[in-house]
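Q: give me a model of this one.
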Amino acid sequence: MLVNRLLGDERLIVADQPGTTRDSIDTELSYRDQRIVLIDTAGLRRAARVKDNVEFYTTLRSIRALQRADIVAVLVEAPKVSPDRTSRSSNKQSKSAKASSSSFNKWDLVEKDTNTIAQFTATFHEKAKLMSYIPLAFVSRYPASESRRSSIN
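A: Next up is the predicted model:
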């Protein structure tokens, strides 16, 4: 979804179920007269959780794509993760990159109070000591002016 939004076009398939992206997909973007290659990869999980050969090779292709990257933007569905689990994934994904950031998508679906972002950020940086310098972004699938209900109808 992020790549499609950056491109301003629906080029990549987006679905809620895991496993939709199996191969890393390079897409060219022109920004301020510069060529940028965006690489959409399949999500990574711990090796112990890889269940079959297809997922093994999908993971291998994602790691190879990360090794080609200059910048890694880790995009995670906020309602489905803990900052502890995400920090392990971010550490692994950023090792081969020159710069990193982590974005937590669907933040509008997370139950929050006034300290949720601060607590999440502190826990993430505590667990991911090697990543304590990276910026975290909390984003929603829907613009602030648009409610989830009106987006679906």
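Q: please count neighbours and contacts with C-alpha atoms only from this point.
A: OK.
Q: show me where this structure has strands.
A: Per DSSP state E, the chain carries strands over the ranges 25-31, 34-40, 71-77, 99-105, 136-138.
Q: quick one: the helices in this structure, in order.
A: Remark: helices assigned in the chain by DSSP state H are 2-7, 53-68, 83-94, 116-127, 148-152.
Q: next up, the contacts around residue 137.
A: Listed by CA atoms under 8 Å, 6 or more residues apart in numbering, the contact partners of residue 137 are 101-104.
Q: number of residues surrounding residue 43?
A: By other CA atoms under 10 Å, the residues close to residue 43 number 19.
Q: phi and psi next, for it.
A: Backbone torsions for residue 43, taken as degrees, to the nearest 10, come to phi -70, psi 150.
Q: ok, now how distant is it from residue 76?
A: For residue 43, the distance to residue 76 equals 9 Å [CA to CA, to the nearest Å].
Q: residue 115 too?
A: Distance of residue 115 to residue 76, given as CA to CA: 20 Å.
Q: do the same with residue 59
A: Taking CA to CA, one finds residue 59 at 16 Å from residue 76.
Q: again, but for residue 34
A: From residue 34 over to residue 76 the distance is 27 Å, taken as CA to CA.
Q: more neighbours: which of these two?
A: When residue 34 and residue 76 are compared for neighbours, residue 76 comes out ahead with 19 against 8, by other CA under 10 Å.
Q: ok, that one - contacts?
A: Neighbouring residues of residue 76 by CA under 8 Å, 6+ apart: 86, 102-105.
Q: dump those residues into CSV; add neighbour count and distance to residue 120 as well.
A: Converted to CSV, those look like this (neighbours: other CA atoms under 10 Å; distance: CA to CA, whole Å):
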residue, neighbour count, distance to residue 120
86, 22, 11
102, 20, 12
103, 18, 12
104, 20, 10
105, 20, 14
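Q: with that, I have no additional questions.
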